[in-house]
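> turn this into a model:
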Amino acid sequence: MAKITYIEHNGTIHEIDVKPGMTVMEGARDNGVPGIDADCGGACACSTCHVYVAPDWVDRLPPRDPMEEDMLDFAYQPDPARSRLTCQIKVTPELDGLVVNLPERQV
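The predicted structure is shown next:
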C-alpha cells in the first residue's frame, strides 16, 4: 500500500492507503474524499479530479501526457507546474507519502 495524503481546500486532511495499480483518483473516490468528483470515471475526459501536487513531489511523478495537458485547460485555476489529473497518476510503492491539495472547486 502507498499512503496518499489528500488535503481539502479548507485544510481537512485525508490520509488513505491506496493499493498499487489503482489511480490516485480511485483511492479518493473509493474512500469518500470530498472534492474529487471524477465525473468521467477515470477516462481523462473531464477535469473533475484535478489536484495540485505538493511541490516536492512534482518531479517524482511521471510526466503528463498530451491528453492530460489538454484536459487541464478545463480545470479550475490550473497551475502550470503542479496541476495534475488524479485519474492519470497510477499508484506505485514509490508514491508512498504523496501529498495532493484539492482546488477550491472542480469545473
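> could you use CA atoms for every contact and neighbour count after this?
Noted.
> V51: neighbour count?
By other Cα atoms under 10 Å, the residues close to V51 number 30.
> show me the helices in the chain, by range?
Here the chain has its helices, by DSSP state H, at 24-30, 66-72.
> now do the buried residues in the last one.
So the one you mean is helix 66-72. Buried residues in helix 66-72, counted by 16 or more other Cα atoms under 10 Å: 68, 71-72.
> if you average pLDDT over that helix, what comes out?
The pLDDT scores in helix 66-72 average 96.
> hang on, the earlier thing: need the buried residues of helix 66-72 in TSV (columns: distance to I7).
As requested, the buried residues of helix 66-72 are exported to TSV (distance: Cα to Cα, whole Å):
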residue	distance to I7
E68	22
M71	22
L72	19
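> so G42 touches M25, yeah?
Yes: the criterion here is Cα atoms under 8 Å, and G42 meets it with M25 at 7.4 Å.
> what is in contact with these two at once?
Common neighbours of G42 and M25, using Cα atoms under 8 Å, 6 or more residues apart in numbering, are C87.
> looking at these two, which one has more neighbours?
Between G42 and M25, counted using other Cα under 10 Å, M25 has the larger neighbour count: 27 against 18.
> strands of the chain, residue ranges please.
Per DSSP state E, the chain carries strands over the ranges 2-7, 13-18, 50-53, 83-85, 99-101.
> what packs against the first one?
Here strand 2-7 is seen to pack against strand 13-18, strand 99-101 when contacts are counted using 3 or more Cα pairs under 8 Å, 6 or more residues apart in numbering; DSSP states H and E.
> which of those sits most buried?
With neighbours taken as mean count of other Cα atoms under 10 Å, the helices and strands packed on strand 2-7 reach their highest mean count in strand 99-101, at a mean of 22.
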